[in-house]
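In: take this sequence and fold it.
(one chain, ligands or ions: 2)
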Amino acid sequence: MKFNRVVINNVRNISDATIFPSEKFNFIYGVNGSGKTSLLESLYYFGHVRSFRSHLVNRIIKLDQEVMTLFSDLISPQQTTLNVGIQRTSDKDCKMHIQQQPIKTTADLAILLPIILINPDSFSLLDGGPKPRRSILDWGVFHVEHQYYSLWLRFQRCLKQRNQALKDHLSYEQIIVWDEEFCNLAEQIDQYRRHYYELLNPVFHKVLTELLTIENFKFEYHKGWNEDIDLKELLSTHLEQDMERGYTYYGPQRADLILKIGTIPLQDFLSRGQQKIVVSALRIAQAQVLREINGKECIFLVDDLPSELGAEYRFFLIEMLNRLNAQVFITAIEKNLILPGLVNKEGKMFHVEHGNIHDEGELVEVNFG
Ligand SMILES: Nc1ncnc2c1ncn2[C@@H]1O[C@H](COP(=O)(O)OP(=O)(O)OP(=O)(O)O)[C@@H](O)[C@H]1O
Ligand SMILES: [Mg+2]
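Out: Ligands and ions are numbered 1, 2, ... in the order given. Below you'll find the model as predicted:
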């Protein structure tokens, strides 16, 4: 589904805004602090029911306001429409609706809106620990196979119980009672993830070679425990250590996607701009897989694209997004940083000023001067 109409109330500095985005490119420009990222944050919220900027629920609500509301008419490739709404009050109460019917889980919204964010923080995907890489892996698996979500939830619950038993220093018997279910769910999670990785790997390589020449580039999936050892055996041989640590060491909770050049971690070798291109290529490959396997089109939110990217790469990325037929929202401080790459593309332009969003119409009407 794509955003056809979006109504935003009380999100950061945006009090009240309604936009009718293009189904293709939406270029959003405005000075620092005008509200560009806040607009993207609102769109992201529809598909994740959380912010990408703060895990503190209240931060996103406009200062001195109690309630924030988001509403959107979505449109499918077959031109059917669906409306969705989210209302969050500062006391952490969140109401979600699809076609005016209340829904309980955020997954119902996420299924409708496969949203991919590329922003200056996307680097943390390479720099930091495995968590963000695991999370984009799971994002991909979930959108390709929706049933993965309930399996993942069951595994998280089981892991939590086992860890709690370890933390509480319960007896051996009370800890290993979880192992059967833990291993059973772990094997299933691994199968889903591996299957998705096998779909993604060739597409990622292909997209990346179009953008960069990197010799000896490696993209690997690590499942979180030794390939050739039975997980149940590992859990039992490491029970003492798990008890000392107070958490379960081996399992899918340690899975990772490894990006290397030969044996060197990518972030130790590539420039920041190149790293950004690799991360963008990975996200574009994910969208391509989803399109090929499920016929679903992603929505891209690209915040501050110009930062650390030369014009050549900026325009090349735009070209790749264009080929995907995705709905894209791109922000920049100045028009001329992006617009030349959008010439002859279908789309609209929005100017943001003090939290007000002005629709400036079709891209083709733009005067580049
Ligand atoms: N909860 C809030 N209530 C009201 N205003 C807020 C809130 N949180 C942040 N702001 C303000 O909203 C404004 C818009 O922020 P935003 O990050 O969207 O700007 P931006 O256009 O993306 O700027 P930049 O180009 O610097 O990235 C900022 O001035 C910020 O201080
Ligand atoms: Mg911003």
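In: domains of this protein?
Out: Following the assignment in automatic domain parsing, the chain carries domains at 1-114+301-369, 118-296.
In: residue in this protein nearest to ligand 2?
Out: Residue of the chain nearest ligand 2, by C-beta to the ion: residue 37 (3.1 Å). The C-beta positions use only the backbone N, C-alpha and C, and glycine is treated the same way.
In: right, is the host helix or strand of that residue up against ligand 1?
Out: Element membership for residue 37 (DSSP states H and E) is helix 36-48. Yes - contact of helix 36-48 with ligand 1 (C-beta under 6 Å from any ligand atom) involves 36-38.
In: got the CA positions of stretch 135-143 in PDB?
Out: Extracted C-alpha coordinates of stretch 135-143, given in PDB (Å, rounded to 0.1, in the frame of the first residue of the first chain):
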ATOM      1  CA  SER A 135      16.400  -6.400  13.200                       C
ATOM      2  CA  ILE A 136      16.500  -5.700   9.500                       C
ATOM      3  CA  LEU A 137      16.900  -9.400   8.900                       C
ATOM      4  CA  ASP A 138      13.800 -10.000  10.900                       C
ATOM      5  CA  TRP A 139      12.000  -7.100   9.200                       C
ATOM      6  CA  GLY A 140      12.700  -8.800   5.900                       C
ATOM      7  CA  VAL A 141      11.600 -12.300   7.000                       C
ATOM      8  CA  PHE A 142       8.400 -10.900   8.500                       C
ATOM      9  CA  HIS A 143       7.400  -9.100   5.300                       C
END
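In: let's have the chain start at 269 instead
Out: Renumbered: residue one is now 269, and that last one reads stretch 403-411.
In: that stretch - what's its average pLDDT?
Out: Mean pLDDT, stretch 403-411: 96.
In: got a list of contacts for that stretch?
Out: Contacting residues not belonging to stretch 403-411 are listed as 375, 378-379, 382, 393, 416-417, 420, 460-461, 464-465, 468, 489, 523, 525, 550-551, 554, 557-558, 562, 564 [C-beta atoms under 8 Å, 6 or more residues apart in numbering].
In: cutoff 7 Å now
Out: The contact list for stretch 403-411, computed with C-beta atoms under 7 Å, 6 or more residues apart in numbering, reads 382, 416-417, 420, 460-461, 464, 468, 525, 554, 557-558, 564.
In: just the buried residues of that stretch, please?
Out: 404-411 (16 or more other C-beta atoms under 10 Å).
In: out of those, who's nearest residue 605?
Out: residue 404 (26.5 Å; C-beta to C-beta).
In: the strand or helix carrying that closest one: how far from the chain's middle?
Out: Using DSSP H and E, residue 404 maps to helix 399-412. Centre-to-centre, helix 399-412 and its host chain are 8 Å apart (C-alpha atoms, centre = their mean, to the nearest Å).
In: and for stretch 399-418?
Out: 10 Å.
In: ditto for stretch 490-505
Out: From the chain centre to the centre of stretch 490-505 is a distance of 29 Å (C-alpha atoms, centre = their mean).
In: same thing with stretch 608-624?
Out: Once both centres are worked out by C-alpha atoms, centre = their mean, stretch 608-624 turns out to sit 23 Å from its chain's centre.
In: and that stretch, anywhere near ligand 2?
Out: No - judged by C-beta under 5 Å from the ion, stretch 608-624 makes no contact with ligand 2; its nearest approach is 9.7 Å.
In: what residues of that stretch count as buried?
Out: Buried-residue list, stretch 608-624, by 16+ other C-beta under 10 Å: 609-610, 613, 615-620, 623.
In: stretch 286-295 too?
Out: For stretch 286-295, by 16+ other C-beta under 10 Å, it's 287, 289-295.
In: leaving out chain neighbours, which residue sits closest to residue 583?
Out: residue 609 (3.5 Å; C-beta to C-beta, 6 or more residues apart in numbering).
In: and that neighbour, what does it touch?
Out: So residue 609 contacts 582-583, 586 (C-beta under 7 Å, 6+ apart).
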